[in-house]
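Student: What shape does this take:
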Amino acid sequence: MRVLCFGEVLWDCLPQGRFLGGAPLNVAYHLRKLGIESHIISAVGADEPGDEALEALRQKGIATQFVERSKTRPTGTVQVELDAAGQPRFEILTDVAWDDIPVTDEILKVAASSDAVVFGTLAARSGRNRAALRRLLEIPGPRRVLDVNLRPPFDDLPRTEALCHHADLVKLNEDELARMCGLVEPGTTVPPKLDLQDAILRLAKRVGSRAFCVTLGERGACYFGREGRFVEPAPQVKVQDTVGAGDAFTAALVAGQVRDSSPTGTQAALKNACALGAYVASLRGAQPQYDAGPFLAGT
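Tutor: Residues are numbered from 1 along each chain as shown. Purely as a prediction, here's the structure:
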């Protein structure tokens, strides 16, 4: 079983230090913890932070053969601040190495025999990456999983909708769903009685994706697809920080469906995803060390 993750590799600069991150990399990290072969497709600079990033990947056991070294752009960094509730605020630098990620013939060959490709909206901020993604997503076979991440100013809705057209599964949170359905404007509050099914149907009519997974924070998550409609609560935990919790959720959901895409398997994967996402939120950092054993049951 193999999953490819396309997108950013960067250094998250938090108050307590600098940590290697990027949503696709976080997903690849947790997939590997869950026993799935994972590859990150990205780029870092030919600089000291790039050297450190590649060494950190090797130490984590993550393959680096599809990480390009850019000679013209620096390794990406993000300034992260946490509020009192542990919610992150991000300042993401532009024109960095991961804005130009090549998709080679070797990558396309590997993709053809892979089980899934995970990609996000942030890396699609550059035209070069959108062109590379189109090549990757045209390969028949792997399940295409889109992780929506509407972080201003990189929250172009028409571009996000275009990516949804290429996805078999779209994962997004409640706020992002409301925005994409036109129910709220940026910076406004989601209606307290948002009808999730109605919102999903509205979005599905526009983008045509086969399945949707909506994360609901401490309330858990719901899944709408051909496999059925499932709702799972999230375990109650003491939140340390939420950085990377959604990526752990994505990894567990993908791992479960790669192993068993039946209705029963999908419901078990959703339950496991809620459990792992909550657990990672109770720890510090997006890639914490943990025993994956309890999260292998049901995947």
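Student: Only C-alpha atoms from now on, for both contacts and neighbour counts.
Tutor: Noted.
Student: lowest average confidence, helix or strand, in this protein?
Tutor: strand 88-92 (a mean of 80; mean pLDDT, DSSP states H and E).
Student: after that one comes which helix or strand?
Tutor: As assigned by DSSP states H and E, the chain's next helix or strand after strand 88-92 is helix 105-112.
Student: May I have that next one as CSV, with CA atoms only?
Tutor: Output in CSV follows, covering the C-alpha atoms of helix 105-112 (Å, rounded to 0.1, in the frame of the first residue of the first chain):
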residue,chain,number,x,y,z
ASP,A,105,8.1,10.9,-15.3
GLU,A,106,9.4,8.8,-12.4
ILE,A,107,6.8,10.3,-10.1
LEU,A,108,4.1,9.6,-12.6
LYS,A,109,5.2,6.0,-12.9
VAL,A,110,5.1,5.5,-9.1
ALA,A,111,1.7,7.2,-9.0
ALA,A,112,0.2,4.8,-11.5
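Student: Contacts for it, please.
Tutor: Residues from elsewhere that reach helix 105-112 (CA atoms under 8 Å, 6 or more residues apart in numbering): 4, 66, 117, 135-136, 139-142.
Student: Likewise for stretch 87-101?
Tutor: Against stretch 87-101 from outside (CA under 8 Å, 6+ apart): 7-9, 41-45, 68-70, 72-83, 123, 125-126, 128-129, 132, 241-243.
Student: Below-threshold pLDDT in the chain: ranges please.
Tutor: Residues of the chain that meet the criterion pLDDT under 70 lie in 86, 186-192, 297-299.
Student: Kindly list the longest strand within it.
Tutor: strand 37-45 (DSSP state E).
Student: Which residues does that strand contact?
Tutor: With CA under 8 Å, 6+ apart as the test, strand 37-45 has contacts from 1-10, 24-25, 28-29, 31-32, 50, 53, 62-64, 66-76, 96-103.
Student: Just the ones in helices from these, please.
Tutor: Mapping the contacts of strand 37-45 onto helices (DSSP state H) picks out 24-25, 28-29, 31-32, 50, 53.
Student: Mind putting these into a markdown table with neighbour count?
Tutor: Supplementary listing: those in a markdown table, determined by neighbours: other CA atoms under 10 Å:
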| residue | neighbour count |
| --- | --- |
| P24 | 27 |
| L25 | 28 |
| A28 | 28 |
| Y29 | 27 |
| L31 | 25 |
| R32 | 20 |
| G50 | 23 |
| A53 | 22 |
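Student: Can you lay out those residues as TSV showing distance to G277?
Tutor: Supplementary listing: the ones in helices among the contacts of strand 37-45 in TSV, determined by distance: CA to CA, whole Å:
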residue	distance to G277
P24	15
L25	15
A28	14
Y29	13
L31	13
R32	15
G50	28
A53	24
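Student: what's the closest of the residues you listed to S209?
Tutor: The shortest approach to S209 among these belongs to P24, at 20.3 Å (CA to CA).
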